[in-house]
Each structure stands twice: as C-alpha cells, then as structure tokens.
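Asks: Fold the stuff below for me.
(4 chains)
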Number of protein chains: 4
Amino acid sequence: MEFAIGCSLAYTVNSPSALVFNLEAASLPRQIIRSESLTAHPPLQPESFTVPETGNRMLRYVVGRGSFRLDYRADVTLDPLMEDPAAVGEFQAQDLPMTTLPHLYASRYCQSDKLSRFATRQFGGEQPGYQRVAAICNWIYGNVDYISGASDAMTSAFDTVTQRAGVCRDFAHLGIALCRAMGIPARYVSAYAWRLSPPDFHAVFEAYLDGPAGGAWYLFDPTRMTGADGLVRIGIGRDAADVAFCSIYGDAGSGAPQVWIDGPDTTIPVTTAAVSLQALE
Amino acid sequence: MEFAIGCSLAYTVNSPSALVFNLEAASLPRQIIRSESLTAHPPLQPESFTVPETGNRMLRYVVGRGSFRLDYRADVTLDPLMEDPAAVGEFQAQDLPMTTLPHLYASRYCQSDKLSRFATRQFGGEQPGYQRVAAICNWIYGNVDYISGASDAMTSAFDTVTQRAGVCRDFAHLGIALCRAMGIPARYVSAYAWRLSPPDFHAVFEAYLDGPAGGAWYLFDPTRMTGADGLVRIGIGRDAADVAFCSIYGDAGSGAPQVWIDGPDTTIPVTTAAVSLQALE
Amino acid sequence: MEFAIGCSLAYTVNSPSALVFNLEAASLPRQIIRSESLTAHPPLQPESFTVPETGNRMLRYVVGRGSFRLDYRADVTLDPLMEDPAAVGEFQAQDLPMTTLPHLYASRYCQSDKLSRFATRQFGGEQPGYQRVAAICNWIYGNVDYISGASDAMTSAFDTVTQRAGVCRDFAHLGIALCRAMGIPARYVSAYAWRLSPPDFHAVFEAYLDGPAGGAWYLFDPTRMTGADGLVRIGIGRDAADVAFCSIYGDAGSGAPQVWIDGPDTTIPVTTAAVSLQALE
Amino acid sequence: MEFAIGCSLAYTVNSPSALVFNLEAASLPRQIIRSESLTAHPPLQPESFTVPETGNRMLRYVVGRGSFRLDYRADVTLDPLMEDPAAVGEFQAQDLPMTTLPHLYASRYCQSDKLSRFATRQFGGEQPGYQRVAAICNWIYGNVDYISGASDAMTSAFDTVTQRAGVCRDFAHLGIALCRAMGIPARYVSAYAWRLSPPDFHAVFEAYLDGPAGGAWYLFDPTRMTGADGLVRIGIGRDAADVAFCSIYGDAGSGAPQVWIDGPDTTIPVTTAAVSLQALE
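Replies: Residues are numbered from 1 along each chain as shown, chains lettered A, B, ... in the order given. Got it, this is the predicted structure:
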C-alpha cells in the first residue's frame, strides 16, 4: 500500500539551540521510501545520522534566535508481512536471540520489574504468543481510558496501570511493560498512522514473537485507533525517551505539530492479520 | 467472648529517648476491659493520654540509656454487633455524617485519589454496601500475595495495587484506599487478633456503612487470617501512620515483639456476620 | 487589624451532587468574625458542621442539575500574637503535648518519613526553634521555583523536593514535611491572604514551637507572598487533603473562584515578628 | 597495571532455567585480557554473544534442575588514558557525537527528566567539564550515606536524591541522572574494582567529556571506594538494568557471589588524573 506522509513543525527559538529530530520514515525492506523532501526555514543544513542498531534517522539543526520551521514529506510503500495470528507463538528465554534480551529490561517509562506479579496473574493463563499479547492489548483497551491531558511527559506504565487513563504513548508503554514482565521482548514504535483521527504522531509497540518464518517483531496498537497495516514507522526504542520527534537543547518553544498521512481511498477494512515490517528474505 | 491478650516489648536505648506506645486495648461499650496491667522495666511512670476523637490510648515513656521492657496484659470481653451482611447498605455522600468525611480523604499510605478510575471500573458494578466492601476484600485476597518481607514501612496502597504482594498492613491499606475511592469512609484498625498464626499485632480496616440500626463502622480483614469477631481493637486511624504500636523519638533499637491472645477453647467457626464494635444504645 | 474577605464560587452541576465547602473564616479568640453572610443561588440550605478538633467550618449543599453559585463575605478582626522570633524555641519529643504528636506523622502530601536524612543533613545544624523553621522556609524559597502549572493535585513534598517547582500548596507541603522530619509538629493552613497578588485562596503552614508564653502554632509562608499577620484562617489539617475549599461528590464542574480580601490602606510593612493565632489567655 | 580477577557464582535451580551472565571482562584496546578461563559445574556449554554497540560479553546457560556453579578468572592489563582533569572540558549539545545522545535520555533508574531543576540550581554554576562532574560526585559523596540494605533493586536516582542513602549502584545512578540533567552524556559501568573492601562487583559511571585528544568517556566513582585506574570493566549500559551480572529466566536461587581482584602489591596512591579506557589511536 502507498502512503503520502508529512509534517510541519514550527519553533520560536529564544537563544541559539540544537534541535534534534526523529521524524523521517525509516528505510526498511518492507517500507520503501519512494521519494522524500525536507525543507528548513531558514534553509539550514542539518547533520543527519542513522542509528545502526535501530535504523532511526536523526537530524540535528543548530538554530539561531528567531523562527524555525521544518517541513517533511515522503511517499512510502508498505509491504508488511501479514500472517495468521494463530501461527505466531512465543519464545522461551533460552531460545530468544541474544540481541532481543535488552528489550526485556525495564526502562524509564516501562517498569516491567514492578509489574511481574500483576502480569503473571492477569496474563499467565493466556495462550502464549500472539494471543497473549493481544490479550494484553485487549485488557489495556478495556481498562484504560483514552483521555487527552490525563497524563504528561513523566507518566509511566507504573502510573497508568493504576490511574487507568492516558494517550497512545501511555497505552504503548503499558503494553511494553506487561510484555516484558511476561518475558516477551517489546519495544516502542513512533509512526505516521493511517486513518488516525485527528492526525498526529502516533505511538504503538512491537513484540518479538515466533512466527511461521521465524522470530519477528509484530505490531500492536492497544488504542485500536489504527490498523497495524497502516503504520509508517519513524523510530523504535525502549520507550518514548528514545524516540522523541524533537528534542530541544537550548531555549525554544514549539507550536502544535501539523502531521498528515494519505493512503488508499478505498474502504479497506482494518486487518486482523499479525503484521510485521521485518526484512524480506 | 472473653479474651486474654498481652505483649512484651523490649528495647535497647542508646541515648535518652521518648517512646510512645499505642498497644493497650481500647475501652469501648462493646469491648470491655475487665482487668489489665502494665509493667515497665525499669519501673518508669508513663504519661498516658486518650485521644478524644479516636479513643486511642497513648503512653509516653522517657527512657534513659540501657534496656527497657514493657509488659502489658488485659482481660477483655467482646460483645460485637453481629448483623446480616445483606442488611448493610451504603450511604450517599449527601447522607454521610460530616464526621466521617475525613475518612474519605487520601492519606500517606492510602492514595485513594490515584485509584478512583481503577476502583470504579473494578467495583462500580457491585452491589452497594457490605457486599461491595466484601468484593473489594475478595479481590485483594485473590490478587495480592501475602509475603513477609515483600513490602516495607514505606510501601503504600499505590505500590501494592500494582506489585501485588505484602502483609496485613498492606492489605488493609489497599482495602481502605479502594473503599475511599468508591466514596465509602474507611479507616485503619490495629488489633490483637484471635487465632492469628503466628501471633503478632494485626492490621485490618473498618468501613462506614448503613446497617439495620443506622451508620456503623464494620470490620473487614482482607487477609482472611482472622474472624472479625475475634479482633480486640487497639487503635484506629487514617492509616498505619496513625497507629504505630511504638514510635521512637531518639535512638533506640527493638527486639521482635512478643504478642499473644487467648480466646475460647471451643471450635467456634469464623463468623460470616457483619461485625462492628459500635456503641450499644 | 480589620479585613473584609469574600469569595464567589460557581458550578455547573450535571447530575445531583453533594458539594462540601470549607471556605468560611474560622472563629478564633484572635480572629473575630464581626459579621458574615453566605448566599447560595439557588437559595438552598446547607448542613453546617464545625469540626471539634480543628474548628474548621464545613458546609454541605445537596444540589440538583443546573447552575449553582455560592457567595461568602465576612468582616474579620485579627489580633495575632506577635512575638520575638529569637524567643521561640523548640520542644523535645518528650515535652510535646500529646495532642500535637499526630502532626509529626507522615501524610498524603507530606511524606516526612522519606525526608528524614535530607532534613537532618540540611537543617540539623540550625538553631532550634523559630530559626530552624525559618531556615527551612528560606531553603524552600531559595530552591523551589514558584510556577503555576508546574504541579498538580497529586504533587507531593517528595516530588517537590526534587523537581523544585510548584505553587503555594506545594511550598506549604514541603515546609510541613521538613518540619515533621526534624521532629517539629506542623500542619497545613488554608487562608485568605492580605496583599496576595493575584488574589486567590492561599496555603501556608504552622509549626508548633515553644514561645514565651508556652507552646503555640506559629505561621510560616515559604512563598514570601504574604505577611503572617495578614492571614485570615479558613482551615487547618495535616495537608491539603484535609482542607479542600470545595469537594465535589457527584458530577459538577467549576469556574475559576473569585476571592478577595481588603485590609488597612496604610503601607504597613510585612511583619518580622513570630505570629500566631493561638487563644488569648 | 596488571590484575587477576575472578568470581564464583553458585545457584540452586528449581526448574529448568536460562541464566544470562555478564561477568567477563570487556576486551578493549586499553584493557587487554592476557588469559581467562570459564568453568561451569556441571560442564555445560554456554551461548556467548558480544553486544556490538557496547562490547558487553553475554553468556547464556540453559540449566536443568539441581546445583549450578560458574567460575571465572582472568588476567588483565589496564593501560588507561590518564589526563589532567583541568584539560577536560564539556561539549555543547550541538557538538556531541550523535552516538552519545541516547546517553542523555532518562532511563529506568536515572530519571534525569525529573532532576533538571535541581541539577541546574546545584551544579549550573560549576566549571564545565571534568570539574562539574567531579562536583556532582563530591555532592553525592557528601550528601548520600553509603548504607548496605538502605536500598533495593527498585531504588532509583529519584529516590536516592531525596532519601540520601544507598550503595554503589545508587551512587552511580544518581551521578548519571545528574550528568544527563546537565546535558552531559553518562552511562553505567559494572566492574571488578581493585582495593574495594569487601570485594564485590562494583558500579561506577562514565561521563562523555571533551579531553585533550577529543571526546572520551571518563570514569567516576562517587563512592570514593576505589581509584578510577583500578577498574576492570565488565559492562556498560544506560543503568543497572542493562548490566546485571546474572539474569535468571526461570526458577533459581543464588548464593552470595564470590568476587576477587588482585593488583600490584605496591602502595600506589589513588590517582587524581582523569581516567578513561577509550581506544588507543
């Protein structure tokens, strides 16, 4: 499927600052960037850097006092792996690739170490694999209210599991923390999300599971706001601390971001397949 | 029912200290102290004080360097109000006595303000009154593991609801927080508890409900370790911060407390009645 | 000194609710209410209740769907005890009145149990008494930024001591927690505050100290926004949980409160005396 | 300098488990492993894996029910970079290598996002560079008590900055969090530490600074228990979550680890140089 994505971000810079962005679509075998453009006003040149272990694309602008705006647009083709959820199982710790182990560790917003008893009691009896992660997502959807303003930048999964309100970021953090507490590697994904209303940057998560063709990171959106097949990935990380769309080092204020995504006009139903952007063999 | 209770507490006092105790049985219309004795070694005289609004009996000893031991024993007759749980309802906020309102407020270990969404989702559909509080206790019993050493003096209901392990104090704090979050006044009770094994000071809680003869504080033990009809009350408070059996002001260390209670020898089953120590009319 | 105080509070009630207010000036020997009026629109009759142990005046209105407004005004004469700070010392735990001990306990927003090492290190070397509490206030003033919106209803002293930003409520909570951690009883005070800009309900705290005429609760405002001699007390409590100016039981929204206070027109400087509203002998 | 290091770790495995270790010395240009041996009892073969971005060496054993012991010993030569602290400055965010940026992000135990005001007030006026990090370490040493048992596996920098007690792990976490809050990349280091008494695994941290030969990670030990020139690095990570010496997936209990390190017999004084294990050019 083909998508046109983009964003426009505006800043008022009060003193010379470094702005670090992670907003470009990742370049992946199953996520092809057909074309893209990046325009800064004023027309500064960024330093760009792709993180080797994640593929996240970082941009650093050194900006002087005044206004700054960054416009990005890209045409992207997604060809996600679509599999039968029933065929996606779970790894034992002894069989997980060693590279996935750090995604079992507790992180700033995903304190899986504090949630192990809860997770075991609540999800220990579920069918291992995709079904168990789906059960975690269903529980989150059914027990946490989606309310803008109910959480802030310091809210973590430990808060959300009790306070039961938040936004997409909080839903993803809780999903990740509960997966890790069950021994399932999980990571945070920032994305452009087709049919998200209102349009904005979105946050979902991936769990590492044992699919028909081997281990793969499968996408989950516990908010149910989007289909996993309409997510154009920006970045991955342990949690939101790793993939801020903009980090300001200095003194600058931002307006509300403009974000958009256009996809197929047809009324394709949201997929029920297990979806992954894993590499094509 | 008649009970013989007592405790022996030993301290090593490293520099002159004030020790404040709350370990004597409360004197209540339904909890008659037939006799009691208090012996300090060395034989210091305490200052004693009964808190008007709670009836808690406080003792303050000013102790010099050296060993200090306090022995207490009492014979107590309990004549608790025993009622049909099905006849015990719940008050609307507009009908609660004004004196009970502070027992709706959040306290150090019972952060009901953080638990309102959780409580409403989990217990909002229960039958109001005794049944709802019993449902809260059942949920705690079924979802929190009783494990010595899993919690400490700083553990609060906000921790326990997520970490799912603790001791009687934590069970009581969680019960209180969930009741308050549902609009039911609740308070902490320290007690000598018949048939508690091993014997120790025990912690339970009371909820203010609408019984056949009007409003009363009903006893609940979410640990299920004791029957509500075998609890000799020491003190009540908003949470454990109010009813420490000993507060040390100065520099002193304590040994393990010796606590005991003897009751009827017969095999009286644990009551299923709604139990209260409210005043006789 | 004579003050005219008042407030106007407006609510949109979505379904029948109980609104409990604590906004009337307390009636104290040194705080004389010369006249006052309370008007509700619609003209409902409240249940009123004065809490015996605090003197807080509570009002409960049962309000139906629609608009509700409460107007209060009063003329008050303050005759505070004014003493030389240097003559105000500190009690040892063994000499504190037993009634003040609960004001040493940790509470919801004042986790003194977690702050004892910090307090001892920071303030252990200060001159005991009024000077030590003043040092605590100076430290708060010098280390915490007063920023509206930097905290919320769940922010506690444990957060503020690290995050270093908040409003009057947070300043008072931190002062209370640090006093208790040093063994000085402290409590929260809500007030109408002369020369507070912009006018609003204010929060300060009182510490129990050993004055020339014996033990008394002395007022402190670590925000330095007001003088202790221009505070018309509404309520006292362990922390903000005890003295909300309005608690809503039901479903109602509120507008911004209108609050005012008029005092002497003269340019009386802010006092440097130790100020207390303790009873006249 | 030459060191002989080693450890012996014993486990009781109750059901088949995966044990993942990170206890081998890292192989670095300035940390040469001259020889090493690893012996498991029973003699199981591990899967070994060196994390590309950190050089951490991981071992995974799949162990059946029964006893398991792992013995490791190595001879290591350290040739650390030793520089004049006064010549080690600080980078602006715009000049930091992009690879170091993740070490500015908040992590599980180092909530730098919550400490920014505190750090800025406390250390904003310090000389940038090595001196500022040394000031952070001095503050920690002077304000936090080293007390075994005062903290646990869930204790984080946010707790320690207020509660003021902990062990090496907590000291390192706080140092990291404060550096990040000041815009200085910092990471956690687990190590064998010469002259640590009693011998044990040790935790220190590294800060990324601008040395005479360019950017380098400099070692800091805020406990002052060891010299930075006697640290044999095991692993690096964002915080302790990344470098547990053993993670148990399954059901196994452990005895106290035996850890040792032998270094030069001479009475070499603890270095005052800025020390780094950065690559030799």
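Asks: chain center to the lengthiest strand in chain A: distance?
Replies: The single longest strand within chain A, with elements called by DSSP state E, is strand A:2-21. Put simply, strand A:2-21 sits 18 Å off its chain's centre (C-alpha atoms, centre = their mean, to the nearest Å).
Asks: which residues sit in contact with whatever residue of the stretch 151-281 of chain A ends up closest to chain D?
Replies: Of all residues in the stretch 151-281 of chain A, A:Y249 sits closest to chain D, with a separation of 3.3 Å (C-beta to the nearest C-beta). For glycine as for every other residue, the C-beta is placed from the backbone atoms N, C-alpha and C. Contacts for A:Y249 were tallied using C-beta atoms under 8 Å, 6 or more residues apart in numbering or on different chains; they are A:17-20, D:93-94, D:183.
Asks: Same question for it, what's its three-state structure.
Replies: Using DSSP: H, G, I helix; E, B strand; the rest coil, the secondary structure recorded for A:Y249 is strand.
Asks: Over to A:M154?
Replies: Reducing the assignment to helix, strand or coil with three-state DSSP, the entry for A:M154 is coil.
Asks: What number of residues are in the vicinity of the residue of the stretch 1-150 of chain A found nearest chain B?
Replies: Relative to chain B, the nearest point of the stretch 1-150 of chain A is A:R117 (3.7 Å; C-beta to the nearest C-beta). Using other C-beta atoms under 10 Å in any protein chain shown, A:R117 is surrounded by 19 other residues.
Asks: And the one 10 residues further on, by the same measure?
Replies: Using other C-beta under 10 Å as the criterion, A:Q127 is surrounded by 12 other residues.
Asks: My guess is A:D210 contacts A:L96. True?
Replies: No: using C-beta atoms under 8 Å as the test, A:D210 is too far from A:L96 to be in contact (9.3 Å).
Asks: Specify the local secondary structure of the residue of the stretch 1-150 of chain A closest to chain B.
Replies: The local conformation at A:R117, judged by three-state DSSP, is helix.
Asks: For it, which non-adjacent residue is spatially closest?
Replies: In space, A:R117 comes closest to B:R164 once its chain neighbours are excluded; the distance is 3.7 Å by C-beta to C-beta, 6 or more residues apart in numbering or on different chains.
Asks: measure the one you found to A:Y141 for me?
Replies: Using C-beta to C-beta, to the nearest Å, we find B:R164 at a distance of 22 Å from A:Y141.
Asks: Between these two, which has more neighbouring residues?
Replies: Neighbours of B:R164 and A:Y141, each counted by other C-beta under 10 Å, are more numerous for B:R164; the result is 24 against 15.
Asks: in terms of contact, does that one touch B:Y141 like I think?
Replies: No: taking contact to mean C-beta under 8 Å, the distance of 11.7 Å between B:R164 and B:Y141 leaves them out of contact.
Asks: What's the local residue count around the residue in the stretch 151-281 of chain A that chain C sits nearest to?
Replies: Ranking the residues of the stretch 151-281 of chain A by distance to chain C (C-beta to the nearest C-beta) places A:D152 first, at 8.4 Å. Neighbour count of A:D152, defined by other C-beta under 10 Å: 11.
Asks: show me where the stretch 51-200 of chain A has helices.
Replies: Using DSSP state H, counting those that start in this stretch, the helices assigned to the stretch 51-200 of chain A run over residues A:116-123, A:130-143, A:157-163, A:168-181.
Asks: For chain A, which residues are neighbours of chain D?
Replies: For chain A, the contact set with chain D under C-beta under 8 Å from any C-beta of the partner chain comprises A:18, A:20, A:47, A:49, A:51-53, A:58, A:60, A:62, A:92-94, A:98-99, A:101-102, A:105-108, A:111, A:113-114, A:153-154, A:183, A:241-242, A:247, A:249-250.
Asks: what sits against the residue of the stretch 151-281 of chain A found nearest chain B?
Replies: Closest approach between the stretch 151-281 of chain A and chain B, counting by C-beta to the nearest C-beta: A:R164, at 3.7 Å. For A:R164, the set of contacting residues under the criterion of C-beta under 8 Å, 6+ apart consists of A:143-145, B:117-118, B:121.
Asks: any idea how far chain C is from A:V51?
Replies: Shown here: A:V51 relative to chain C, a distance of 30 Å by C-beta to the nearest C-beta, to the nearest Å.
Asks: thought that residue was touching A:M58?
Replies: Yes: contact between A:V51 and A:M58 holds when scored by C-beta under 8 Å: they sit 6.7 Å apart.
Asks: Those two: which has the busier surroundings?
Replies: For A:V51 versus A:M58, neighbours defined as other C-beta under 10 Å are more numerous around A:M58 (22 against 19).
Asks: The more buried one against A:A18, yeah?
Replies: No: here A:M58 does not reach A:A18: they are 11.5 Å apart, not a contact under C-beta under 8 Å.
Asks: residue contacts, the residue nearest to A:I140 when sequence neighbours are not counted?
Replies: Here the nearest residue to A:I140 in space, its sequence neighbours aside, is A:P222; by C-beta to C-beta, 6+ apart that works out to 4.1 Å. With contacts defined as C-beta under 8 Å, 6+ apart, A:P222 is in contact with A:136-137, A:140-141, A:171-172, A:174-175, A:204-205.
Asks: In PyMOL, select just the buried ones from those residues.
Replies: What follows is the PyMOL syntax for the buried subset of the contacts of A:P222, where burial is set by 16 or more other C-beta atoms under 10 Å in any protein chain shown:
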select buried, chain A and resi 136+137+140+171+172+174+175+204+205
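Asks: Just put the contacts of A:P222 in TSV and tack on pLDDT.
Replies: What follows is those, written out as TSV (pLDDT from 0 to 100):
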residue	pLDDT
A:I136	98
A:C137	98
A:I140	98
A:Y141	97
A:F171	98
A:A172	98
A:L174	98
A:G175	98
A:V204	98
A:F205	98
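Asks: So what does the closest residue to A:G263 other than its chain neighbours have for phi and psi?
Replies: Nearest-residue entry for A:G263: A:W194, 4.3 Å, with adjacent residues in sequence omitted and distances by C-beta to C-beta, 6+ apart. With angles defined as degrees, to the nearest 10, A:W194 sits at phi -60, psi 140.
Asks: Close to chain B: what parts of chain A are there?
Replies: Taking C-beta under 8 Å from any C-beta as the test, the list of chain A residues beside chain B reads A:114-115, A:117-118, A:121, A:143, A:145, A:158, A:161-165.
Asks: By neighbours, which of the contacts of A:Y249 wins?
Replies: Of the contacts of A:Y249, A:L19 is surrounded by the most neighbours, 26 neighbours in total, counting by other C-beta under 10 Å.
Asks: was I right about that one contacting A:G64?
Replies: No: proximity of A:L19 to A:G64 does not meet the contact threshold set by C-beta under 8 Å, at 11.4 Å.
Asks: Cool, thanks, talk later.
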